[in-house]
Every structure is written in C-alpha cells, then in structure tokens.
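Peer 1: Make a model of this:
(chains A, B, C and D)
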There are 2 protein chains.
Amino acid sequence: MDAKHPVRTTEKTLALVEELMEKGPCGVTELASDLQMGKSAVHNHLTTLQKHGYVLKDGDDYRVGLKFLEVGGHSRKSMEVYQIAEPEVKSLAADTGELANLLVEEQGMGVYLMRAKGDDAVDLDTYAGLRTHLHTTALGKAILANLPESRVDEIIERHGLEQKTPKSIGTRQELFQVLEAVRERGYAIDDGERLEGLRCLAAPIKSSSGEVLGAISVSAPASRVSDEDLHGALPERVLSAANVVELNINY
Amino acid sequence: MDAKHPVRTTEKTLALVEELMEKGPCGVTELASDLQMGKSAVHNHLTTLQKHGYVLKDGDDYRVGLKFLEVGGHSRKSMEVYQIAEPEVKSLAADTGELANLLVEEQGMGVYLMRAKGDDAVDLDTYAGLRTHLHTTALGKAILANLPESRVDEIIERHGLEQKTPKSIGTRQELFQVLEAVRERGYAIDDGERLEGLRCLAAPIKSSSGEVLGAISVSAPASRVSDEDLHGALPERVLSAANVVELNINY
DNA sequence: ATAAGTGTTCTGGTCCCGAGAACGGTGATG
DNA sequence: CATCACCGTTCTCGGGACCAGAACACTTAT
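Peer 2: Predicted coordinates:
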C-alpha cells in the first residue's frame, strides 16, 4: 500500500530519525553526507524534532529521544492482546526459568511486544519493538501457519525469504511444508535456526473467529531442553499459556 | 531551545501522530477538523506515515503503529542507565513484592523507562515512555534534588508547577524546601500526593562526578507501609538498589 | 431514489523547504 | 600564537512541493 502522494518532507524527517537510530548519536555534517542532504536541511529537521522531544542534543551530537517510547508505549498499552498476554508471558518465564516472548504481526513483519526473563534465562538481543522476518523464528511461524495462504504469499512477495543463517527457510515450498506441520502439531519449533544452540517453541493466540492475534514462545539453550521436553512438557506449558490468553480475550 | 527555522510540514506530521495517539483510532475527516487541516493534507500525511510503518489502517480508521515502539525501544536499550538498572529494579520489585520504577529526566520532564511488578504490586496506569512533571512524584523529586538550582528554575520556568492533586507542591519555595529535605535524607517520599493512599519512596542514581542519571522507586499502598517502614527498612532497600546501580555504572 | 456521510484523487497557486554561501566558535598544528 | 580545518548555525531566494478546495467513488440511512 504505497502512498499516492507521499509527503517528501516527512519522509526526509523519518529517514533522518532512522539513520540517527542506526548510527547512534552523531552530528549534522555526518548525517547530511549519509543522506545526501544539505547541512541546513538536516539542521532544520533536527531542531524541529528536538522542539517536540523526538530528538535531543548531547553537546554537538544529536540522538533519538524518548518521545518515541512514549508514543510506542502508548500504542502497545492500548493493544488488547498485550494487556491480556502480559501476565501470562511473565508467569511462563517464571515457571520455566527461561526467556518468554510475545510477538504480533504488523505489515507482514513480526514485532516483539515484550519479553520476560526467568531465573536462568539466556539474554538474547531482542527488545520490545524489534522487528523480525516472520519465517525466521518459531513465533513468526506460529503466526504464519494461521494466516490465509494468500496473505502468506503477499508477505513473501513483500519481504522475501531472507536467509538469516544457513538453516533458514529459503523457499516458498519449504515454508508451506513447515507451516503445515505447525498446524498439525499446534505449535512451532525453532531448533537452532536463528541461533546455533538455541531452541524455541511458540504457540499461536487465536480469537474465537479463528483469526491469529499473536504468538507466545519460550527460548532456551539446547543443553537444557531434551528432545522429549521439546515435544512433551514444554509445548504443553506454552500451549496452556496461549490458551489462557485466548479464553480471556474471548471472555 | 526553540527551532529557528522549524520545518512546518514535519510539525504537522507530528501533531497528527500525537492527535492520533490521544484520540485512538479515527478517520481522516475527524482528524482534519481537529487540527484545522484540509482532508487531502491529512490523507497525504497518513499514507506517508503508513508507508513507513508509523501508522496503520484498520478498515477506514487509522491508528498509531508499532514502529514508534521500535525506535523508542532501541533508544531505551542503548541507554547505559537502563541496561544497568533494569535487573536491579526487577529484583527490587521481587524482594518487596511491590511496584518498582525507573525514571530519567529528559527536557525537564520525567520519563518512566520501566516498571516491574512484585507479587502483591498495585497496578498503576504508568507505562514505559510515560511523561510526568518531576515535582509531582517521589522519583522526580529525587532527581530535582540533585540538579543545580539554576536547572531546577529553568524547569519550573518551562513546565510550571502544575497541581495534580490538592496535595501537590504548588510554589517554588515549597519545592526548594522539600528538595533540601530530600538531600539531607538521601531519598524522596510521596505520601499520597499523586494518588490518595499510595506511598512512594525514591532514591537518586548518581554518577561518580555527582551528576544525577535517574531515580529508582517503590510504590505501595499505605496499608502495607507503616510509618516505621517509610523511614527504616524501605529506604534502606531502595538506597541499596540505587547504590548497586551506581557502582556498576562507575565500574 | 435520494441524501449525507465517508475515504480518496486531482489540480494549480502559494508558500516554504533547502542548496549553497557566509558566519562564529573550537581544537589541532606548526 | 597565528593559521588552518572542521564543526554547528544562520541567511537568502528561487524552484518545487504541500495543500485548500472541488470532484469522485463508495457505503449507509432514510
């Protein structure tokens, strides 16, 4: 869904913010050369953003401000699936001692809404707001498996099947095979695809009408998850958490 | 610090986002009349924002997307005080069973970076990213008490001393008296100022050079916090948490 | 059928965004 | 200590793009 009449000025502002986010704090001249803009244009945009709290000045460098967290935090807080799943993800982390996550789909990408760490949890570099290709995680596969086939094709069309690691799913056919297996089992698995030695297990959250609203997962080092766990106690616990969320959402 | 040459188009985009955040999902016509803009202008801005993930369309309504959470989450994750304080705030919540918070100052306002809930914690309507006037919370007072007097005056000048409740601090003199007491004690207290029946206790986090980096707090219902607790065991625990953070930040 | 509402598209004229040059300050260098 | 090189900031003014308003397509209510 491309804008018919994009506001170019706004697009420059957004590009500036994203560049600033990726590079971390930096100065006017550097941003100007990176984005092929004049220094005065960059300066005008930055001071405008600063005036409204979206950007801050640290000495001579500019950096992204916390106003984005306010808007994003407000947006997250107003999502029903977050409100209801949040305590369940926390208790899932506490019970298993591992890392638990909540992911939703937005514009064909997966967005982590939260993570909760149990006492022994590994510390991945995920964070609330992080985007990821859906086909590269157990969470994403749990969601894809419950979308209409046409929607999945749209997503492949739009974002491709980027190979994050050699084990990543690389073709449409392979993906649909995996999704069929996920539907049969009721949960999705990532056995070292995203990160060597890391096992993840994810279950979808569906509304009463069958629409998928998100997915819940547990991530743990392979050394602590036996093959039996992976198809026995662990899916039971994750599915139960997803089920509690479904019941609370559907009253 | 006002922009000398503000980019008006960007300001319109930002106003649109903030209006959309406050009102929740709504349509083009309503936004146009609220912001006194033409429908086509609003439409162009919204589709541009949508193209980049900052806004989504739900049927005929538009709403704020999670891209803001990505940028804000990234910004938070890159803050040293957050990285180091996060586990301490969690264990503070776990130990006390109450609600623990982390606040930093940005552009004269307090911004909650996170909250952690213990087993018995009250559920306030704070969230990561929420902004608050510094003089209305224990967290804010802990920070103000460790800023230079001139800086505090600047903040009063800029944001005023809004009275959130009848108990709120309302004058400069009263504020400076309270801040002096906070400096002597080493921690700040909010005894029902923000919310009737809620007691909060906050300690500042300072760098080795004496600069205040943020504040940590515990919030609990008055029924569970005796007067002795408020000046005995509780401040000890909160101060200790703040101290651990200070030590880790200063190596 | 009609009407009143919506989101979307189109066009033209006015306003404002932004390249480039000049300014003021700071730190390195010989 | 003068010189230089670099920074962020300010200024001007011409060309480009933002946007009011009108027209369109569609849904819903009467």
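Peer 1: Going by C-alpha atoms from here, please, whenever you check contacts or count neighbours.
Peer 2: OK.
Peer 1: Now whatever residue of the stretch 101-250 of chain A ends up closest to chain B. Nearest residue, chain neighbours left out?
Peer 2: Using Cα to the nearest Cα, the single residue of the stretch 101-250 of chain A nearest to chain B is A:Gly129, 3.8 Å away. For A:Gly129, the nearest residue in space outside its immediate sequence neighbours is B:Glu70; the separation is 3.8 Å by Cα to Cα, 6 or more residues apart in numbering or on different chains.
Peer 1: so how far is A:Gly108 from whatever residue of the stretch 151-251 of chain A ends up closest to DNA strand D?
Peer 2: When distances are taken as Cα to the nearest atom of the strand, the stretch 151-251 of chain A reaches nearest to DNA strand D at A:Ser209, 19.6 Å away. With distances defined as Cα to Cα, to the nearest Å, the gap from A:Ser209 to A:Gly108 amounts to 20 Å.
Peer 1: Look at the two and report which has more neighbours.
Peer 2: Neighbour tally, A:Ser209 and A:Gly108, criterion other Cα atoms under 10 Å in any protein chain shown: the higher count belongs to A:Gly108, 20 against 7.
Peer 1: Could I get the pLDDT score of the residue lying closest to that one once chain neighbours are set aside?
Peer 2: Nearest-residue entry for A:Gly108: A:Ile155, 5.3 Å, with adjacent residues in sequence omitted and distances by Cα to Cα, 6+ apart. Confidence at A:Ile155, expressed as pLDDT, is 96.
Peer 1: Name the helix or strand for A:Ile155, please.
Peer 2: In this assignment (DSSP states H and E), A:Ile155 forms part of helix A:149-159.
Peer 1: Kindly export that helix (C-alpha atoms) in CSV.
Peer 2: What follows is helix A:149-159 as a C-alpha-only set of coordinates in CSV (Å, rounded to 0.1, in the frame of the first residue of the first chain):
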residue,chain,number,x,y,z
GLU,A,149,-2.4,-18.8,2.2
SER,A,150,-2.9,-15.7,0.1
ARG,A,151,-1.8,-13.5,2.9
VAL,A,152,1.4,-15.6,3.4
ASP,A,153,2.1,-15.2,-0.3
GLU,A,154,1.7,-11.4,0.0
ILE,A,155,4.1,-11.3,2.8
ILE,A,156,6.7,-13.4,0.9
GLU,A,157,6.2,-11.1,-2.1
ARG,A,158,6.7,-8.0,0.1
HIS,A,159,9.5,-9.0,2.3
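Peer 1: Can you point out the buried residues in the helix or strand just after it?
Peer 2: Reading on from helix A:149-159 to the C-terminus, the next helix or strand found by DSSP H and E is helix A:172-185. Judged by neighbour count using 16 or more other Cα atoms under 10 Å in any protein chain shown, the buried positions of helix A:172-185 are A:Leu175, A:Phe176, A:Val178, A:Leu179, A:Val182, A:Arg183.
Peer 1: How about the residues of the stretch 51-200 of chain A by DNA strand D?
Peer 2: The stretch 51-200 of chain A comes close to DNA strand D at residues A:Asp60, A:Asp61, as judged by Cα under 7 Å from any atom of the strand.
Peer 1: quick one: the residue in the stretch 51-200 of chain A that DNA strand C sits nearest to from A:Cys26, how far?
Peer 2: Relative to DNA strand C, the nearest point of the stretch 51-200 of chain A is A:Asp60 (9.7 Å; Cα to the nearest atom of the strand). Distance, A:Asp60 to A:Cys26, by Cα to Cα: 8 Å.
Peer 1: Those two: who's more crowded?
Peer 2: A:Cys26 (17 against 9).
Peer 1: Mind pulling the model confidence for the more buried one?
Peer 2: If you check A:Cys26, the pLDDT there is 97.
Peer 1: ok, it touching A:Asp61?
Peer 2: Yes - the pair formed by A:Cys26 and A:Asp61 meets the contact definition of Cα atoms under 8 Å, at 4.7 Å.
Peer 1: coming back round to it: so where does the residue nearest to A:Gly129 fall, helix or strand?
Peer 2: B:Glu70 is located in helix B:67-77, with elements delineated by DSSP H and E.
Peer 1: List the buried residues of that helix.
Peer 2: Of the residues in helix B:67-77, those with enough neighbours to count as buried (16+ other Cα under 10 Å) are B:Lys67, B:Phe68, B:Leu69, B:Glu70, B:Val71, B:Gly72, B:Gly73, B:His74, B:Ser75, B:Arg76, B:Lys77.
Peer 1: tell me the SS of the residue nearest in space to the middle of chain A?
Peer 2: Compute the mean C-alpha point of chain A, and by Cα atoms, centre = their mean the closest residue is A:Val111, 2.4 Å away. Look at A:Val111: counting by DSSP: H, G, I helix; E, B strand; the rest coil, its state is strand.
Peer 1: Identify the bridge partners of it.
Peer 2: On DSSP bridges, the residues paired with A:Val111 through beta bridges are A:Val104, A:Arg131.
Peer 1: in chain A, which ranges drop under the pLDDT threshold?
Peer 2: Counting by pLDDT under 70, the low-confidence segments of chain A come to A:1.
Peer 1: what are the ranges of the strands in it?
Peer 2: Under the criterion DSSP state E, chain A carries strands at the ranges A:55-58, A:61-64, A:99-106, A:109-117, A:131-133, A:188-191, A:198-206, A:212-221.
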